[in-house]
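Engineer: Turn this into a structure:
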Amino acid sequence: MEIINKLDKKVVIGMSGGVDSSVAAYLLKEQGYDVTGVTMQIWQNDKEYDPSLEGGCCGLSAVDDARRVAEMLDIPYYVMNFRKEFEERVIKDFINEYTKGRTPNPCIMCNRYVKWESLLNRSLSIGADYIATGHYARIEHLKNGRYTIKNSVTAAKDQTYALYNLTQDQLSHTLMPIGEYTKDEVRKIARDIGLYVAKKPDSMEICFVSDNNYAGFIEENSDKEIVKGNFVDKDGNILGTHNGIIHYTIGQRKGLGLSLGHPAFVTEIRPETNEVVIGENADILKKTVVCDNINYMSVTEIDTDKIYNAKIRYNHGGSKCKLRIEDGRLYADFIEPVRAATPGQALVVYDGEYVALGGTIIEGID
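Structural biologist: Presented below is the predicted three-dimensional model:
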């Protein structure tokens, strides 16, 4: 592992006001870094957010909490405006993807283009050597010269899936100090040093959709008309009426409003005809998952004979597969079929504890 001389190394740490980034800031200072705390101002309209309710990284309360932590740790603290970058890279992408019948992961987009690309560039421009975050992941510089994300010590909180798309340059300028700790250990550190955010609950929702109503957010913020259409079976027979394709995702069972006498699942979304295809559980089991927008991390090419482990969503435990590249696309051929491979989500491939590569899911194939 690369040895870093921490003396005089300047670090800008993104502070959300939560316990993880707060403890990360403390650990970096204890390790000898020159630490500056920054909260990224990415919410779009101050009046849209209630500070008493909003607890995520986008919330107004993040500023108050982060500032109080920075004062306690005796580190400089600033708020940096990234509203434009967040709207262009995350919110617009989120809306566009849903209206195309896909299910995006906005955290992946935010990590790649806002928390890293924008924050890193601005931090380097003011003399910082690194940026840091409170993610549960580790960064390692491998013998092959590549930087990669490595699983955190706690599988329960591991966040490597949402970080697969970071570039080599970004990783070389990034620190993730709490990847070596469990959540309980992080909270204990916070209690031991007297941080009042020690018991602050984790934010579970998408930060810019505080009520978890994705469809309502899209309808309010999109200039595209969301219209009803037909539920159909795989043969095109009409089964009922849906409320607009933005309300559905592959594998969905609840909230369909259909009485077919057997369990029904969304198996396909067809934006070109405004149809949502309904089938059975067997119809959403796929042997092969196809991806584009490939990002190589620990490797520069795949080993077609090797068995990797791959996740098709954040909370997926991972499944064994072999890989191949055809026409610039990544094909993951799973040993056992995977359930509900969803276009717009990420497929992240692991080589042991390391993120090898990943891509954006286009489709699943039987």
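
Engineer: Next up, the contacts around the closest residue to G317 other than its chain neighbours.
Structural biologist: Once flanking residues are discounted, G317 sits nearest to K311: 7.6 Å by C-beta to C-beta, 6 or more residues apart in numbering. From N, CA and C alone the C-beta is placed, and that goes for glycine too. By C-beta atoms under 8 Å, 6 or more residues apart in numbering, K311 lies in contact with 161, 317-319, 347-348, 350.

Engineer: Please report the distance of K311 from L285.
Structural biologist: To L285, K311 is 16 Å away according to C-beta to C-beta, to the nearest Å.

Engineer: Toward the C-terminus from the helix or strand harbouring T36, list the very next helix or strand.
Structural biologist: Per DSSP states H and E: T36 is located in strand 34-41. Note on strand 34-41: by DSSP H and E, the next helix or strand toward the C-terminus is helix 60-73.

Engineer: Enumerate the positions of the helix or strand just after that next one that are buried.
Structural biologist: Note on helix 60-73: by DSSP H and E, the next helix or strand toward the C-terminus is strand 77-81. Of all the residues in strand 77-81, those buried under the rule 16 or more other C-beta atoms under 10 Å are 77, 80.

Engineer: Give me the angle between strand 77-81 and strand 34-41.
Structural biologist: In terms of direction (axes from the mean of the first three to the mean of the last three C-alpha atoms, to 10 degrees), strand 77-81 departs from strand 34-41 by 40 degrees.

Engineer: who does strand 77-81 touch, helix- and strand-wise?
Structural biologist: Applying 3 or more C-beta pairs under 8 Å, 6 or more residues apart in numbering; DSSP states H and E, we find strand 77-81 packed against strand 34-41, helix 60-73.

Engineer: Quickly compare these and say which is most buried.
Structural biologist: Per residue and on average, the most neighbours among the helices and strands packed on strand 77-81 fall to strand 34-41, with a mean of 22 (mean count of other C-beta atoms under 10 Å).

Engineer: Run through who's touching that one.
Structural biologist: 8-17, 25, 28-29, 57, 62-63, 66-67, 69-70, 73, 75-83, 86, 114-115, 119, 123, 128, 132.

Engineer: angle of that strand against helix 60-73?
Structural biologist: Going by the same axes, to 10 degrees, strand 34-41 makes 170 degrees with helix 60-73.

Engineer: And the worst-scoring helix or strand of the chain on mean pLDDT, how far out from the chain middle?
Structural biologist: Every helix and strand of the chain was ranked by mean pLDDT, DSSP states H and E. The lowest is helix 60-73, at a mean of 89. Relative to its chain's centre, helix 60-73 lies at 24 Å (C-alpha atoms, centre = their mean, to the nearest Å).

Engineer: So which elements touch it?
Structural biologist: Using 3+ C-beta pairs under 8 Å, 6+ apart, helix 60-73 is in contact with helix 19-30, strand 34-41, strand 77-81.

Engineer: Now that we have these, can you turn them into TSV and tack on distance to I95 and mean pLDDT?
Structural biologist: Converted to TSV, the helices and strands packed on helix 60-73 look like this (distance: least, C-beta to C-beta, whole Å; pLDDT from 0 to 100):
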stretch	distance to I95	mean pLDDT
helix 19-30	28	97
strand 34-41	20	95
strand 77-81	22	95
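
Engineer: Using a markdown table, lay out those together with distance to V299.
Structural biologist: A markdown table is the format used below for the helices and strands packed on helix 60-73 (distance: least, C-beta to C-beta, whole Å):
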| stretch | distance to V299 |
| --- | --- |
| helix 19-30 | 28 |
| strand 34-41 | 31 |
| strand 77-81 | 34 |
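
Engineer: quick one, which of those is nearest to I218?
Structural biologist: strand 34-41 (23.0 Å; C-beta to C-beta).

Engineer: ok, the closest one: who's next to it in the sheet?
Structural biologist: Strand pairing for strand 34-41, using DSSP bridges, gives strand 10-14 (parallel), strand 77-81 (parallel).

Engineer: P271: which of the helices and strands packed on helix 60-73 is closest?
Structural biologist: Among the helices and strands packed on helix 60-73, strand 34-41 sits nearest to P271 (C-beta to C-beta), with 32.3 Å.

Engineer: Give me the angle between the closest one and helix 19-30.
Structural biologist: Going by the same axes, to 10 degrees, strand 34-41 makes 160 degrees with helix 19-30.

Engineer: Minimum distance to G194: which of the helices and strands packed on helix 60-73 has it?
Structural biologist: Of all the helices and strands packed on helix 60-73, helix 19-30 comes closest under C-beta to C-beta, at 10.6 Å.
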